[in-house]
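1. below is the sequence, then the predicted model.
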Amino acid sequence: MNNNSVQQRLKSHFYKHFETSNSTFFSAITPQPIENPSWVSTNKHLAGMLGISAEELASEVCLHVMSGDLSQHSINSFAVAYSGHQFGVWAGQLGDGRAITLGEIAVGDNDELWDLQLKGAGPTPYSRFGDGRAVLRSSIREYLCSEAMHGLGIGTTRALCLSTGTTTAVREKIEPAAVVCRVARSHIRFGNFEHFHYTNNPKAVKELADYLIQRHFSTWTEDSKRYYLLLQNCVLETAKTIAQWQSVGFCHGVMNTDNMSILGDTIDYGPFGFLDTYDPEFICNHSDHQGRYSFRNQPSIALWNLNALATCFSSLLDTSEITDCLKQYENEYLSQYRTIMAKKIGLLEYRPEDEQLINQLLIMMAKDQVDYTLMFRKLCDFSAANQSVRDYFIDRDQFDSWAKDYLQRLESQNLTDQQRCQSMQKINPLYILRNYMAQTAIEAAEGGDYSEVELLLKILNNPYTNYADAEKYEGLPPDWASKISVSCSS
Ligand code: AMP
Ligand code: MG
């Protein structure tokens with residue numbers, strides 16, 4: 001653990017770097033604290049990674065800082081400007097309307113910088129008509145889901161702590177406000193580049209690219225291909241993240257270009273949803289009437305977004321270099337997705353003929369409305385002698401025919417059933433953050449009971465092991481789950 005407090009460790013790397021062109025990149029802004037703050041939850045695992053002790057994080061001093069009261073500290077807090085395409089349409093300037101960055105802390109032996117950002121700590125110059133607040137309900141969802149994604153090994157912004165208080169925010173009704181401390185290697189979005197490109201400011205595009213290279217890819221600083229490498233990295237990392245989303249059944253819900261991280265991490269948890277039954281047409285955001293961001297569309301939407309980003313690199317790269325980067329997306333996506341799906345069904349390697357096996361399984365699941373997570377978990381136990389996973393399917397004949405091919409494929413590998421089961425259980429989670437689970441935690445929290453948030457944080461941190469106190473989350477969702485409607489309201 002670090003001897004200095006979080007406040008003392010905060011650096012102003014981004015702030016100082018862009019200070020001279022302040023209003024172009026960011027606006028200095030002091031958060032407005034939540035009144036009478038109290039903890040909902042602190043994330044000891046992440047604190048440990050950041051070198052913050054559990055005691056320090058849970059302290060009163062930290063509570064005040066993390067709920068937006070910086071009055072006792074000299075911290076250069078700021079909100080960043082960005083623009084973006086929303087639902088495929090150019091939306092112009094957006095920016096951190098309710099996120100205020102405190103700075104960065106250096107972590108680990110190589111002093112990697114991680115941003116600390118308060119989401120919901122009051123208005124900024126980019127708030128437009130918003131109040132700068134986030135309600136407890138959506139903050140719990142963000143807090144739990146970012147840690148769930150991390151638990152699943154998917155690149156994501158993290159959540160260090162969650163506080164609430166007596167401050168309220170008006171949405172469809174009056175709701176308690178909350179602040180999440182979001183932690184990320186970078187909060188720079190595709191939209192940060194679009195912001196400068198579409199305001200005809202190639203100098204700022206270059207400055208931003210140079211900043212990212214210096215901070216995240218310092219070995220490239222002298223490389224003549226550095227901008228190509230930066231764009232390529234984004235293309236490849238995005239492809240990897242989206243392949244992981246598809247493999248766990250995660251639907252983001254608002255894949256606007258301002259919600260896409262330049263490092264390819266998952267960012268901005270709004271009306272997201274995990275698949276219950278396998279339905280490729282699943283739309284988790286009830287405001288998405290056209291289904292632009294449906295589960296099935298996510299891989300192609302990511303490429304659409306990458307195109308929008310790549311356009312902004314036209315002042316740094318030749319058209320041929322840009323096209324070359326973008327062309328790598330499909331291959332990378334497919335190769336990542338196939339590798340993961342092969343592992344999910346217990347194959348040591350993906351072979352071209354496995355595509356048929358995987359697709360056939362998904363087609364059967366869609367037809368018979370089989371629960372995505374439970375099926376894969378049950379498939380871990382599959383063997384010649386144990387085919388209880390068959391019970392999930394309605395069309396048993398079709399399943400039996402598939403199972404025959406599957407068994408044959410499994411027999412071509414040099415693995416015992418037990419070995420295969422063990423490795424499959426490490427990639428097929430037992431727990432995912434289903435909407436009803438988040439809803440259960442939210443309803444309890446709104447009544448002042450945070451124990452469900454704690455339980456979910458614990459099990460989602462390691463969703464592959466079963467926990468005796470979480471048995472209730474190991475089965476199908478209850479009937480009322482299908483009636484939960486998640487909109488953009490947050
Ligand atoms: P989102 O759809 O959550 O990614 O938000 C889109 C834009 O609206 C971003 O610029 C946000 O910062 C801004 N925004 C969303 N909610 C609020 C709010 N309550 N107050 C101020 N700005 C907001
Ligand atoms: Mg956003």
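-> Looks like it arrived, so ask away. Numbers count the residues shown, from 1 in each chain. Ligands and ions are numbered 1, 2, ... in the order given.

2. point to the residue nearest the middle of the protein.
-> Nearest to the mean C-alpha position of the chain, by Cα atoms, centre = their mean, lies T266 at 3.1 Å.

3. wouldn't it be in contact with T156 here?
-> Yes - using Cβ atoms under 8 Å, T266 is in contact with T156, at 4.1 Å. To be clear about C-beta, it is placed using only N, CA and C from the backbone, and glycine gets the same treatment.

4. what sits in contact with each of the two?
-> Taking Cβ atoms under 8 Å, 6 or more residues apart in numbering as the criterion, T266 and T156 both touch 146, 149.

5. looking at this protein, which residue is nearest ligand 2?
-> In the chain, the residue found nearest to ligand 2 is D268; the distance is 4.0 Å by Cβ to the ion.

6. that residue should be in a strand, yeah?
-> No - D268 sits outside any strand when classified using DSSP: H, G, I helix; E, B strand; the rest coil, being coil.

7. need the contact list for the closest residue to V248 other than its chain neighbours.
-> The shortest distance from V248 to any residue other than its chain neighbours is 5.4 Å, reached at L152 (Cβ to Cβ, 6 or more residues apart in numbering). The neighbours of L152, taking Cβ under 8 Å, 6+ apart as the test, are 244, 248, 429, 432, 463.

8. wait, the first one touches E237, no?
-> By that I understand Q244. No - applying Cβ under 8 Å as the test, Q244 and E237 come out as separate, 10.7 Å apart.

9. of the two, who's got more company?
-> More crowded of Q244 and E237, by other Cβ atoms under 10 Å: Q244, with 20 against 17.

10. name the element the more buried one belongs to?
-> Using DSSP states H and E, Q244 sits within helix 226-248.

11. give the other helices and strands that that helix contacts.
-> When contacts are defined as 3 or more Cβ pairs under 8 Å, 6 or more residues apart in numbering; DSSP states H and E, helix 226-248 sits against helix 202-216, helix 298-311, helix 319-344.

12. so which bits of stretch 436-447 are buried?
-> 436-442, 444-445 (16 or more other Cβ atoms under 10 Å).

13. and those as JSON lines, adding distance to ligand 1, pLDDT and secondary structure?
-> Output for the buried residues of stretch 436-447, formatted as JSON lines (distance: Cβ to the nearest ligand atom, whole Å; pLDDT from 0 to 100; DSSP: H, G, I helix; E, B strand; the rest coil):
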{"residue": "Y436", "distance to ligand 1": "23", "pLDDT": "97", "secondary structure": "helix"}
{"residue": "M437", "distance to ligand 1": "22", "pLDDT": "98", "secondary structure": "helix"}
{"residue": "A438", "distance to ligand 1": "17", "pLDDT": "98", "secondary structure": "helix"}
{"residue": "Q439", "distance to ligand 1": "19", "pLDDT": "96", "secondary structure": "helix"}
{"residue": "T440", "distance to ligand 1": "23", "pLDDT": "97", "secondary structure": "helix"}
{"residue": "A441", "distance to ligand 1": "21", "pLDDT": "98", "secondary structure": "helix"}
{"residue": "I442", "distance to ligand 1": "18", "pLDDT": "97", "secondary structure": "helix"}
{"residue": "A444", "distance to ligand 1": "24", "pLDDT": "98", "secondary structure": "helix"}
{"residue": "A445", "distance to ligand 1": "19", "pLDDT": "98", "secondary structure": "helix"}
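
14. for the residue of the chain closest to ligand 2, which non-adjacent residue is closest in space?
-> Closest residue to D268 apart from its sequence neighbours, by Cβ to Cβ, 6+ apart: N259 at 4.0 Å.

15. just the element for the nearest residue to D368 once chain neighbours are set aside, please.
-> Leaving out its chain neighbours, the residue that sits closest to D368 by Cβ to Cβ, 6+ apart is I394, at 4.4 Å. Remark: I394 resides in no helix or strand, with elements defined by DSSP H and E.

16. and I394, how many residues sit next to it?
-> 11.

17. wait, it sits on M365?
-> No - applying Cβ under 8 Å as the test, I394 and M365 come out as separate, 10.7 Å apart.

18. could you list the domains of the chain?
-> When the chain is parsed with automatic domain parsing, its domains come out as 6-187, 201-447.
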